[in-house]
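Q: take this sequence and fold it.
(4 chains)
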Number of protein chains: 2
Amino acid sequence: MSGEVLEQRVGGAMDGRDDALSKFQKCSIALFVNAAAALSLPRSVGEIFGLFYSSEQALSLNEVTAHLGISRGSASEGIRWLRGMGALKQVEVPGNRREHFTAETSLRKLASGYLRDRIDPHLEAGQGLLGELGEAVDDGAKCGGFQRARANQVASWYRFIGRALPVIRALAGKF
Amino acid sequence: MSGEVLEQRVGGAMDGRDDALSKFQKCSIALFVNAAAALSLPRSVGEIFGLFYSSEQALSLNEVTAHLGISRGSASEGIRWLRGMGALKQVEVPGNRREHFTAETSLRKLASGYLRDRIDPHLEAGQGLLGELGEAVDDGAKCGGFQRARANQVASWYRFIGRALPVIRALAGKF
DNA sequence: ATTTTTGTTCAAAAAAACTTGAACAAACCT
DNA sequence: AGGTTTGTTCAAGTTTTTTTGAACAAAAAT
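A: Coordinates of the predicted model:
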């Protein structure tokens, strides 16, 4: 035992609810649960990020389960997911070997992480399907012109999205 | 009976699978099912819109169930939803009393309908929660500065989104 | 007026998504 | 090494969402 730091509870049973969220934390959690719903993400992800966003000091997985009253499995998955998209940063806490995290607060990073993980894969799949659509046009049929026009239109939509997303990422950098 | 037009089937049993989708239609459906997944919408909504988008002539509910092999309930709900967000336009087909629809092809209208129905409600709820967050800041506590800074940051994010969405709608109008 | 066609609704069934908790592995400490 | 603590994984359980299908209502034809 060398540089022992507080943070660690008594010693014995500290497994039960350790709750005690501040009003501010509860509001933050509600806010990000709502945001998660808007993005069709699991509620637990919103809760976890809301907790981190409203907590000044870094938190470990165990603290997350204690504060939110969710299972270790959920917390682990949620943290992994948030970390994967760059919404949580790992932080070294001296004198404590647990992994600790804090919320990423750069909107640009949050947005690009989300886009990269949740949107880009669909966009790439869409590009492939778009190619197939073009090949499926039956120029011989009497509706050939119609089909060609539609295929061209969707293609232009994809070009639009491909241009708009980088703009959004760039603009988000100002916040 | 005056201006009788084709389009209507024989007369007797036409309920079974009437399938026969062109390759182009199948591709279109796959494309919009993928898009629906990207937006976390039900697969059936993607299928229905994909079918309309790839069909030159207007279709009725019954034709949708026949082509896609989905239940009348699903088709009805899906059409209602798409119509509500302005993705399907009702069209009069002379000599046929069924309601017929065609796909809306203006990206601006499609995008604003989606934003209006799926995003704006969450955004408004978020505004309310944002207000509560501001009130929840505990200026007395030692983390008061931290909380104030976070509340201000989220507020700036909301302002950003409030400005960015109209820009997107406007840009989408060019396609 | 009766029958047929068409569209909606909603309770129940099916499917998908999310959460839990216990078993496991890895790192740390004595 | 032996015993803790910490984090991950995944099968099973729970909840939510989506789909189905049958009953109902409305409009049109006979």
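Q: any low-confidence regions in chain A?
A: In the prediction, chain A carries residues with pLDDT under 70 at positions A:1-19.
Q: which helix or strand contains residue A:31?
A: helix A:23-38 (DSSP states H and E).
Q: using PDB, write out every CA atom in that helix.
A: Below are the C-alpha coordinates for helix A:23-38, written out as PDB (Å, rounded to 0.1, in the frame of the first residue of the first chain):
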ATOM      1  CA  LYS A  23     -30.500  16.900  -9.700                       C
ATOM      2  CA  PHE A  24     -28.100  18.000 -12.400                       C
ATOM      3  CA  GLN A  25     -27.000  14.500 -13.200                       C
ATOM      4  CA  LYS A  26     -30.600  13.300 -13.300                       C
ATOM      5  CA  CYS A  27     -31.500  16.100 -15.800                       C
ATOM      6  CA  SER A  28     -28.500  15.300 -17.900                       C
ATOM      7  CA  ILE A  29     -29.400  11.700 -18.000                       C
ATOM      8  CA  ALA A  30     -33.000  12.600 -19.100                       C
ATOM      9  CA  LEU A  31     -31.600  14.800 -21.700                       C
ATOM     10  CA  PHE A  32     -29.400  12.200 -23.300                       C
ATOM     11  CA  VAL A  33     -32.000   9.500 -23.000                       C
ATOM     12  CA  ASN A  34     -34.100  11.700 -25.100                       C
ATOM     13  CA  ALA A  35     -31.300  12.300 -27.500                       C
ATOM     14  CA  ALA A  36     -30.700   8.500 -27.700                       C
ATOM     15  CA  ALA A  37     -34.400   8.000 -28.500                       C
ATOM     16  CA  ALA A  38     -34.100  10.600 -31.300                       C
END
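Q: list the contacts for residue A:147?
A: The contact partners of residue A:147, taken as Cβ atoms under 8 Å, 6 or more residues apart in numbering or on different chains, are A:136, A:137, A:138, A:141, B:24, B:54. Using the backbone N, CA and C atoms, a C-beta is placed for each residue, glycine as well.
Q: follow-up on the earlier one: after the helix holding residue A:31 comes which helix or strand?
A: helix A:43-53.
Q: hmm, that next one touching DNA strand D?
A: No. Judged by Cβ under 7 Å from any atom of the strand, helix A:43-53 stays clear of DNA strand D, getting no closer than 8.3 Å.
Q: hang on, the earlier thing: what comes up buried for the helix holding residue A:31?
A: A:24-38 (16 or more other Cβ atoms under 10 Å in any protein chain shown).
Q: list the contacts of residue A:119.
A: Neighbouring residues of residue A:119 by Cβ under 8 Å, 6+ apart: A:165, B:38.
Q: hmm, residue A:105 is touching residue B:153, no?
A: Yes. Between residue A:105 and residue B:153 a contact is recorded at 6.4 Å, counting by Cβ atoms under 8 Å.
Q: looking at those two, which one has more neighbours?
A: Comparing residue A:105 with residue B:153 by other Cβ atoms under 10 Å in any protein chain shown, the one with more neighbours is residue A:105, at 17 against 14.
Q: can you list the residues of chain A near DNA strand C?
A: A:1, A:40-45, A:69-74, A:77-78, A:97.
Q: which members of those residues are the farthest-apart pair?
A: Using Cβ to Cβ, the residues of chain A next to DNA strand C reach their maximum pairwise distance at A:1 and A:40, which is 47.5 Å.
Q: who's more crowded, the two?
A: Under the criterion of other Cβ under 10 Å, the comparison of residue A:1 against residue A:40 puts residue A:40 first, with 11 against 3.
Q: can you list contacts of stretch A:77-94?
A: Stretch A:77-94 has contacts (Cβ under 8 Å, 6+ apart) with A:3, A:5, A:7, A:42, A:44-45, A:47-49, A:52, A:58, A:61, A:64, A:70, A:99-104, A:109-110, A:112-114, A:116-118.
Q: show me where chain A has strands.
A: For chain A, strands defined by DSSP state E occupy the ranges A:59-60, A:88-91, A:100-103.
Q: can you add mean neighbour count and give these back as CSV?
A: Shown next, in CSV, are those (neighbours: other Cβ atoms under 10 Å in any protein chain shown):
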stretch, mean neighbour count
strand A:59-60, 20
strand A:88-91, 16
strand A:100-103, 20
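Q: okay, these in TSV with distance to residue B:159 next?
A: Below are these laid out as TSV (distance: least, Cβ to Cβ, whole Å):
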stretch	distance to residue B:159
strand A:59-60	28
strand A:88-91	25
strand A:100-103	20
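Q: so which of those comes closest to residue A:128?
A: strand A:88-91 (31.9 Å).
Q: and the closest one, which strands flank it?
A: strand A:100-103 (antiparallel) (DSSP bridges).
Q: CA atoms only: put the partner strand into CSV for me.
A: What follows is strand A:100-103, C-alpha atoms only, in CSV (Å, rounded to 0.1, in the frame of the first residue of the first chain):
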residue,chain,number,x,y,z
HIS,A,100,-11.9,5.2,-15.7
PHE,A,101,-13.6,7.3,-18.4
THR,A,102,-14.9,10.8,-19.1
ALA,A,103,-17.2,12.1,-21.7
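Q: ok, back up a step: can you turn the buried part of the contacts of stretch A:77-94 into a PyMOL selection?
A: Filtering the contacts of stretch A:77-94 down to the buried ones (16+ other Cβ under 10 Å) takes a single PyMOL command:
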select buried, chain A and resi 44+45+47+48+49+52+58+61+64+70+100+101+102+103+104+109+110+112+113+114
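Q: how far away is the closest residue to residue A:112 other than its chain neighbours from residue A:53?
A: For residue A:112, ignoring the flanking residues on the chain, the nearest one in space by Cβ to Cβ, 6 or more residues apart in numbering or on different chains is residue A:169 at 5.1 Å. Per Cβ to Cβ, to the nearest Å, residue A:169 is found 20 Å from residue A:53.
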